[in-house]
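Student: fold the stuff below for me.
(one chain, ligands or ions: 3)
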Amino acid sequence: MTTSLPYFTKGEVVKGFGRGSKELGIPTANFPIEVVQKLPKNIDTGVYYGWTQVEDSPVYKMVMSVGWNPFYKNKEKSMETHIIHKFEDDFYGKILKIVILGYIRPEMDFSSIEALKETIWEDIKKAELELERSDFQQYKSNSFFSQQ
Ligand code: ADP
Ligand code: RBF
Ligand code: MG
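Tutor: Ligands and ions are numbered 1, 2, ... in the order given. The predicted structure follows:
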């Protein structure tokens, strides 16, 4: 499961269903299917954390959901990154880079949107804490994020 980590990848931010911001208040930058298909086989569906960057922005903490979102029963596998930073504007079409460093939990179904939201907020808190670990700082300053 975690033998392929750290995993570095990048791709364009594309439109999803528009549910992240509107229904959950937690926007997620979606990758195109080609980026999803490149994921190594042993990266299971579920919730992960790591570092991310939108083009030449600073490197921020992120949480990511990989899979079919059982609560919404999506037909297509998705890879969605919630950046732990407040942006003033959307950034569709920009290049997003990520490094996945750790696994939090499998994808789950929920009985309400509230329960899903609460669990995602727990994931965010966990990611914020884990990413303070000293062995994860080197990835924030990795040359992957400074190269074009
Ligand atoms: P979609 O279904 O199109 O992915 P979302 O409601 O999930 O729509 O919103 C995601 C979009 O919001 C991103 O593509 C990005 O342009 C913007 N956005 C703004 N702030 C953030 C953030 N902190 N993390 C991720 N995306 C963000
Ligand atoms: N969707 C689910 O159906 N089950 C989950 O357990 C789940 N966990 C998530 C964890 C995080 C950190 C994030 C950012 C999203 C998660 N989602 C989950 C996806 C959520 O349903 C999705 O972002 C919205 O539907 C918007 O596309
Ligand atoms: Mg999204």
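
Student: do I have it right that residue 10 meets residue 99?
Tutor: No: under the criterion of C-beta atoms under 8 Å, residue 10 makes no contact with residue 99, lying 9.7 Å away. Heads up, the C-betas are built off the backbone N, CA and C, glycines and all.

Student: ok, these two, which is more surrounded?
Tutor: The neighbour count for residue 10 versus residue 99, taken as other C-beta atoms under 10 Å, is higher for residue 99 (22 against 15).

Student: next, the contact list for that one, please.
Tutor: The neighbours of residue 99, taking C-beta atoms under 8 Å, 6 or more residues apart in numbering as the test, are 6-8, 50-52, 139, 142, 144.

Student: if you set the cut-off to 7 Å instead, what comes out?
Tutor: Shown in contact with residue 99 (C-beta atoms under 7 Å, 6 or more residues apart in numbering): 6-8, 50-51, 139, 142, 144.

Student: ok, now residue 108?
Tutor: Contact analysis of residue 108 by C-beta under 7 Å, 6+ apart lists residue 70.

Student: one more pass at 10 Å, please.
Tutor: 46-47, 69-71, 115-116, 119 (C-beta atoms under 10 Å, 6 or more residues apart in numbering).

Student: which of those fall in helices?
Tutor: Among these, the members falling in helices (DSSP state H) are 115-116, 119.

Student: check what pLDDT residue 19 gets.
Tutor: pLDDT for residue 19: 85.
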